[in-house]
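> can you look at this prediction? I've put the sequence above it.
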Amino acid sequence: MINMKNKKARVIAFYLPQYHAIPENDNWWGKGFTEWTNVGKAKPLFKGHYQPRVPADLGYYDLRMPEAREAQAEMADNAGVEGFMYWHYWFGSGRRILERPFNEVLNSGKPDYPFCLGWANHSWTNTTWETSARKNVPSMLMEQLYPGKEDYINHFYTVLKAFQDPRYLMVNDCPLFYIYDPFAIPDIIDFIDLWRNLAAKEGLKGIHFVCLNNGWDSNIEKLLALGFDAVNTDRRWEAETKLKGGKLFKLVDHNLKKILAIAPLDKYLYRKIIKHLISPHDSQDNIYPTILPQWDRTARAGNKAPIYHGSTPELFKINVNEVLNAVKDKPYEHKIIFLKSWNEWGEGNYVEPDLKFGHGYLDVLKETILTK
């Protein structure tokens, strides 16, 4: 494993576990449904549109296979990625889904590669994973609920084994725990306090709570005031807004896409998007920026999806170098950059090898993150 001292930053990659069949998806979408189902049937929507996306080295893998997980970890480590942030689903009252790949990583001790957990605290509806809603599928599939203290305690003890694992990613000796939608949790201050008290009770130094801010920078101080140690900034919405001509125009355009069957494609040149992904806030110790290789959700959402077209490894290198420059003066513990994402193929958002670019995006990470 590559030594942390040989890296310019701590790059943590979002990792989607939906590459294996589960009974719920079989019931909702048909036998054998996985993320690959949508990826394989995606169609190009305009001349030069890169669809479908076809995996190269790893093929259409199944995450129930330890060989696939080992190969992913080896690739990520060689590229300088410090670890995976596995999306973790907890809908309340102990309801979970897609937990098998991470549970096998945790219980087997393999791959011997760092990780942390990110709570994807959002409901699943009949448009979460499908291009279009099916008439025979209920609109609400799994509702995200927050039952209160007893459920929060149960949740903590469900993930405690992971926190105690020597592979778990730490910040100042505290396990990093990421929350996708912080404003959705009605008693988030109490939740954070409770987990910190439970962590101390179990011999941990604390928990390093990180949350996503995918809105405006004005939210950052509000989130820190709730008790979060750091905020991960994702400025796609802000970048799109600037290119669309302002907040009002973007909001109207966004809402029209939801209700109109036929609407103009929501497409942007990647080279223009990346110009707006950096902010002065990124140099703060408690702000963790994002690097974005590609973004194209047409495999899931068809012509209503935002599309960043024209991404190349060379342009991604510009994005990575700008973010590295933003964090260069931080203490190493806080030189955290989130890679969105390792394997979100249905969102056209991945660095795993494909037939078009091969190892191009991984090579960029290796060239930029690792010190020479």
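Yes, it's here.

> okay, now the unreliable bits of the stretch 1-150 of the chain?
Applying pLDDT under 70 to the stretch 1-150 of the chain flags residues 2, 4-5, 130-136.

> what about the nearest residue to Lys275 once chain neighbours are set aside, how many residues close to it?
Leaving out its chain neighbours, the residue that sits closest to Lys275 by C-beta to C-beta, 6 or more residues apart in numbering is Ala239, at 7.7 Å. Any C-beta I mention is one placed from the backbone N, CA and C, and that applies to glycine too. When neighbours are counted by other C-beta atoms under 10 Å, Ala239 registers 20.

> and the helix or strand harbouring Ala239, what does it pack against?
Per DSSP states H and E, Ala239 falls inside helix 236-244. In terms of contacts (3 or more C-beta pairs under 8 Å, 6 or more residues apart in numbering; DSSP states H and E), helix 236-244 is packed against helix 247-259, strand 266-269, helix 270-273.

> I'd like the average pLDDT over that helix.
Averaged over helix 236-244, pLDDT sits at 87.

> check stretch 176-185 too.
On average, the pLDDT along stretch 176-185 is 98.

> does the residue nearest to Lys275 touch Ile278 like I think?
No: look at Ala239 against Ile278 with C-beta atoms under 8 Å: they stay out of range, at 9.8 Å.

> picking up where we left off before, how far away from the center of its chain is the helix holding Ala239?
19 Å (C-alpha atoms, centre = their mean, to the nearest Å).

> returning to that earlier point: least reliable of the helices and strands packed on helix 236-244 going by mean pLDDT?
helix 247-259 (a mean of 62).

> name whatever forms a beta bridge with Ile337.
On the basis of DSSP bridges, Ile337 is bridged to Val11.

> that one - how many residues pack around it?
For Ile337, the count of nearby residues is 25 (other C-beta under 10 Å).

> how near is it to Asn6?
16 Å (C-beta to C-beta, to the nearest Å).

> tell me the SS of Tyr178?
Three-state assignment for Tyr178 (DSSP: H, G, I helix; E, B strand; the rest coil): strand.

> tell me the contacts of the residue nearest to Lys275?
Counting by C-beta atoms under 8 Å, 6 or more residues apart in numbering, Ala239 touches Tyr268, Ile273, Ile274, Lys275, His276, Leu277.

> out of the residues you listed, grab the one that's most surrounded.
Going by other C-beta under 10 Å, Ile273 tops the contacts of Ala239 with 24 neighbours.

> look up how far Arg236 lies from that one.
Between Ile273 and Arg236 the distance, using C-beta to C-beta, works out to 7 Å.

> shared neighbours, the two?
Leu292, Trp295.

> can you pull out the strands in the stretch 201-350 of the chain?
Secondary structure of the stretch 201-350 of the chain (DSSP state E, counting those that start in this stretch): strands at 208-213, 230-233, 266-269, 287-288, 290-291, 295-296, 306-309, 336-339, 343-344, 349-350.

> other SSEs contacting the second one?
Okay, so that is strand 230-233. Packed next to strand 230-233, using 3+ C-beta pairs under 8 Å, 6+ apart, are strand 208-213, helix 219-225, strand 287-288.

> please repeat the previous calculation with a cut-off of 6 Å.
If you count contacts as 3 or more C-beta pairs under 6 Å, 6 or more residues apart in numbering; DSSP states H and E, strand 230-233 packs onto strand 208-213, strand 287-288.

> so how far is the shortest one from its chain's centroid?
The chain centroid and the centroid of strand 287-288 are separated by 15 Å under C-alpha atoms, centre = their mean.

> that strand pairs with which strands, parallel or anti?
strand 230-233 (parallel).

> for the strand it pairs with, give the mean pLDDT please.
Across strand 230-233, pLDDT averages out at 98.

> what residues does it touch?
The contact list for strand 230-233 (C-beta atoms under 6 Å, 6 or more residues apart in numbering) reads Val210, Cys211, Leu212, Asn213, Ile220, Leu223, Asn286, Ile287, Tyr288, Pro289, Phe338.

> wait, what's in contact with Asn349?
Gln294, Trp295, Ser341.

> neighbour-wise, give me the winner out of those residues.
Gln294 (26 neighbours).

> please read off the pLDDT at that one from the model.
At Gln294, pLDDT is 98.

> my guess is it meets Gly348, correct?
Yes: between Gln294 and Gly348 there is a contact under C-beta atoms under 6 Å: 5.2 Å.
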